[in-house]
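Engineer: Structure for the following, please:
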Amino acid sequence: MKESETKYTNDDLQLLKVFTVFGNVEVMDLIKDEKFNRVFVVVKKGEMGKAVGKNGWLVNSARKIAGREVIVVEYNENLEDFVRGLLGNVSKAEVKENEGQGGKVLILQVPQDEKGLVIGAKGQNIEKIKLLTKKYFNVTRVMVT
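Structural biologist: I've put the predicted structure just below:
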């Protein structure tokens, strides 16, 4: 991503400051998800612990400043590893990618008892996966089977 593509508001800069100044975290990006009123803070690989902070103090401070949910995401250049990080508690998922007619397709093969975790309440987890994999890996479609 080119830096010139990213436009941050003053509020965004205040939020980033929490992580970069107070937590000494290397932040790669800040992505807003207006549909679910949340913000994703994408940090470099290995920075997740610092970004959350002891007992969650750093991310909780960021939530107070943002006035909405702040979710820290650890970047990984490998699509499968990146998606596994986004899946969290889902232990039995298989992550595959295919080229389809419309572009890159991400296929998540998940046991029936874990599909709800992958999709999330009102689809918020699958929306997170769609949003972030589109931005970083040009995924055009996500399927849960």
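Engineer: how does this structure divide up, domain by domain?
Structural biologist: Per automatic domain parsing, the structural domains of the chain span 3-74, 86-144.
Engineer: Switch the ones you listed over to CSV; also include distance to residue 80, mean pLDDT and mean neighbour count.
Structural biologist: Yep, even glycine has a C-beta here, placed from its N, CA and C like the rest. Formatted as CSV, those follow (distance: least, C-beta to C-beta, whole Å; pLDDT from 0 to 100; neighbours: other C-beta atoms under 10 Å):
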stretch, distance to residue 80, mean pLDDT, mean neighbour count
domain 3-74, 14, 92, 16
domain 86-144, 5, 92, 15
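Engineer: List the contacts of the closest residue to residue 86 other than its chain neighbours.
Structural biologist: Nearest residue to residue 86, sequence neighbours excluded (C-beta to C-beta, 6 or more residues apart in numbering): residue 129, at 5.3 Å. By C-beta atoms under 8 Å, 6 or more residues apart in numbering, the contact set of residue 129 is 83, 86, 87, 106, 108, 118, 142.
Engineer: Residue 117 versus residue 129, what's the distance?
Structural biologist: Counting by C-beta to C-beta, to the nearest Å, the gap from residue 129 to residue 117 is 12 Å.
Engineer: Give the residues shared as contacts by these two.
Structural biologist: residue 87.
Engineer: Pretty sure residue 127 sits against residue 31.
Structural biologist: No - counting by C-beta atoms under 8 Å, residue 127 does not reach residue 31; the two are 11.7 Å apart.
Engineer: On the three-state scheme, residue 106 is what?
Structural biologist: Under DSSP: H, G, I helix; E, B strand; the rest coil, the three-state class of residue 106 is strand.
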